[in-house]
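> Here is my input, please return the structure:
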Amino acid sequence: MTLRILGIDPGSRMTGFGIVDQDAQRSLYVASGCIRVSGERLPERLKCIFDGIDEIVRRYRPDEVAIESVFMHRNAGSALKLGQARGAAICAVMQGSLPVSEYAPAEIKQAVVGRGRAEKEQVQHMVKALLNLANPPPVDAADALAVALCHGHSRQLLSRLGAVR
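Alright, predicted model coming up:
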């Protein structure tokens, strides 16, 4: 059975998305890109994120969604904006009643690179290698694909553990 996973890397200025099809053997690249958020005021940018994710869900029809959780920046204001961007993305996918899983940045990097403190370039490189892409995707799209891959790996592991019991 193939599962389509939408990974989201939220941001108040740029939100990455990545879609992979996962089966028992491998992950296959479907699509990725960035929602370039426009608008001066935060409410306008949040609507842009909501509309962009809604369009992606309608177009690609994912079965499940994975999103990066909020991490604390040095600047609390930035963390709050990131949280609001996540909220807009989650609300968009919940219109389709899709299951949403959240992963910490270190957990995503650990699943894809093997190190929880990996650099963005390392994530790009491993996403390119794992999905057999000709070129590395842009940073935000690579991060979103990494979220989707992390979710796929987590599901496979949980499935294997369930089969053992």
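> only C-alpha atoms for contact and neighbour calcs from this point on.
Will do.
> so what's the backbone phi/psi at residue 67?
Main-chain dihedrals, residue 67, degrees, to the nearest 10: phi -140, psi 150.
> got it, and residue 110?
Dihedral angles of residue 110 (phi, psi; degrees, to the nearest 10) stand at phi -60, psi -40.
> Listing request: residues of this structure with sub-threshold pLDDT.
The model of the chain has pLDDT under 70 over residues 72-73, 160, 163-165.
> in the helix ranked longest in it, what counts as buried?
Looking across the chain with DSSP state H, the single longest helix is helix 139-164. Residues of helix 139-164 classed as buried by neighbour count (16 or more other C-alpha atoms under 10 Å): 139-153, 156.
> Which elements pack onto it?
Packing contacts for helix 139-164, counted by 3 or more C-alpha pairs under 8 Å, 6 or more residues apart in numbering; DSSP states H and E, involve strand 3-9, strand 14-22, strand 27-36, strand 64-68, helix 105-112, helix 120-130.
> Using CSV, lay out these together with distance to residue 76.
Formatted as CSV, the helices and strands packed on helix 139-164 follow (distance: least, C-alpha to C-alpha, whole Å):
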stretch, distance to residue 76
strand 3-9, 19
strand 14-22, 19
strand 27-36, 23
strand 64-68, 17
helix 105-112, 17
helix 120-130, 22
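> Out of those, which is the most enclosed?
strand 3-9 (a mean of 27; mean count of other C-alpha atoms under 10 Å).
> That one to strand 14-22, inter-axis angle?
160 degrees (axes from the mean of the first three to the mean of the last three C-alpha atoms, to 10 degrees).
> Residues in contact with strand 3-9: which ones?
Strand 3-9 is touched from outside by 15-23, 61-68, 89, 140-141, 143-149, 151-152, with contacts defined as C-alpha atoms under 8 Å, 6 or more residues apart in numbering.
> Just tell me which of the helices and strands packed on helix 139-164 ends up closest to residue 93.
Nearest to residue 93 among these is strand 64-68; the distance by C-alpha to C-alpha comes to 7.7 Å.
> after that closest one comes which helix or strand?
Once the chain leaves strand 64-68, the next helix or strand it forms, by DSSP states H and E, is helix 76-94.
> Who are the packing partners of that next one?
Short answer (3+ C-alpha pairs under 8 Å, 6+ apart): helix 76-94 packs on helix 42-60.
> Thank you kindly, that will do.
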